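Participant: Build me a model from this:
(one chain, ligands or ions: 1)
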Amino acid sequence: MSLGLPVVLEGVRFAYGETRMSFDLAIAAAEIVAIMGPSGSGKSTLLNLVAGFETPAVGRILIGDRDVSTDPPSQRPVSMIFQENNLFAHLDLFANVALGRSPTLRLSSDDRSAVGEALARVGLAGKEARRPRELSGGERQRAALARALVRRRPVLLMDEPFASLGPGLRADMAALVAELHRETGMTILVVTHSPGDALALAPRMVFVEAGRIAADGLAADLLGDAGPETVRAYVGERRRSR
Ligand SMILES: Nc1ncnc2c1ncn2[C@@H]1O[C@H](COP(=O)(O)OP(=O)(O)OP(=O)(O)O)[C@@H](O)[C@H]1O
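Facilitator: A predicted model of the protein is given here:
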């Protein structure tokens, strides 16, 4: 099954005041790409432009063959998962996932079975009645994944989805995302600060620096000893700061 659509940023320019960004990027249908780069370099802005939370001043964003540059987020074929706060505190797990299916929670029996299947797929069967506060951080991120699965949108954007998890859980989540990618064929962009996550998730890595794409290639190459100086400096800095 291949759900994914290509994502293209063509001559996109965007600024927050004096902070200028400029992105040219082509991602193939059903590709998974890790996005890395220093804090404040523009990684979240890149995802927000694709999701429609920000609009380019210049340039175009295409998803499939459609120019979505000025479409509101709800009209784009995209789901987004954030570092945290993906769930509504007052709703139980089942309802939180079901929102991906129906914003009014009027659910058909097909909707209910899709929610049940997605919960089982991410390892949360049996926890349907729990509120988010009764789930662990890793379980909450699995719930956010389940909601993205039932939405069946062709493009999944993940903004540091593992950042609040410990090392064991991060590895489990990265493996789950890689498996779901293989199963669904969604096009997935994942922002991460961890070279380990990037290598586990995606053959391809895009390195964002000072509002532009400074390197784009195989994660193993870019993160290796012969990788670009800018990536090596960033990875070295991260190691020293921990
Ligand atoms: N809503 C905003 N208003 C003004 N400036 C912003 C806004 N959001 C981000 N910025 C600025 O734009 C730049 C890029 O921010 P962005 O959040 O995209 O970086 P990032 O690479 O995702 O950083 P981090 O790794 O710290 O999350 C930064 O200089 C940031 O201060």
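
Participant: going forward, measure contacts and count neighbours with C-alpha atoms only.
Facilitator: Will do.

Participant: Give the residue spans of the chain that score low on pLDDT.
Facilitator: Applying pLDDT under 70 to the predicted model, the residue ranges of the chain that meet it are 1, 242.

Participant: report the longest helix in it, please.
Facilitator: As assigned by DSSP state H, the longest helix anywhere in the chain is helix 167-184.

Participant: List the strands paired with the following helix or strand past that one, with their directions.
Facilitator: Proceeding C-terminally, helix 167-184 gives way to strand 187-191 as the next helix or strand, assigned by DSSP states H and E. Pairing partners of strand 187-191, with direction, according to DSSP bridges: strand 32-36 (parallel), strand 155-159 (parallel).

Participant: Now distance to E179 and mean neighbour count too, for the ones you listed, in JSON lines please.
Facilitator: Compiled in JSON lines, the strands paired with strand 187-191 are given as follows (distance: least, C-alpha to C-alpha, whole Å; neighbours: other C-alpha atoms under 10 Å):
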{"stretch": "strand 32-36", "distance to E179": "11", "mean neighbour count": "27"}
{"stretch": "strand 155-159", "distance to E179": "14", "mean neighbour count": "24"}
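
Participant: Relative to V8, tell me which of these wins on proximity.
Facilitator: The minimum distance between V8 and the strands paired with strand 187-191 falls on strand 155-159, with 11.8 Å, by C-alpha to C-alpha.

Participant: just the angle between that closest one and helix 167-184, please?
Facilitator: Interaxial angle, strand 155-159 versus helix 167-184 (axes from the mean of the first three to the mean of the last three C-alpha atoms, to 10 degrees): 170 degrees.

Participant: Would you tell me whether strand 155-159 gets close to the ligand?
Facilitator: No - figure legend: strand 155-159 not in contact with the ligand (C-alpha under 6 Å from any ligand atom); closest approach 7.9 Å.

Participant: roughly how far apart are the residue lying closest to R170 once chain neighbours are set aside and K127?
Facilitator: If you skip the residues right next to it in sequence, R170 has F162 as its closest partner in space, 5.5 Å away by C-alpha to C-alpha, 6 or more residues apart in numbering. Using C-alpha to C-alpha, to the nearest Å, one obtains 21 Å as the distance from F162 to K127.

Participant: For these two, indicate the residue with more neighbours.
Facilitator: Counting neighbours by other C-alpha atoms under 10 Å for F162 and for K127 shows that F162 has the greater number, 27 against 16.

Participant: For the more buried one, pull up the helix or strand it's in.
Facilitator: Using DSSP H and E, F162 falls outside every helix and strand.

Participant: isn't it right up against G168?
Facilitator: No - using C-alpha atoms under 8 Å, F162 and G168 do not qualify as a contacting pair, with a distance of 10.6 Å.

Participant: mind listing what the residue nearest to the spatial centre of the chain touches?
Facilitator: Most central in the chain under C-alpha atoms, centre = their mean is M158, positioned 1.6 Å from the mean C-alpha point. Counting by C-alpha atoms under 8 Å, 6 or more residues apart in numbering, M158 makes contact with M80, I81, F82, Q83, I188, L189, V190, V191.
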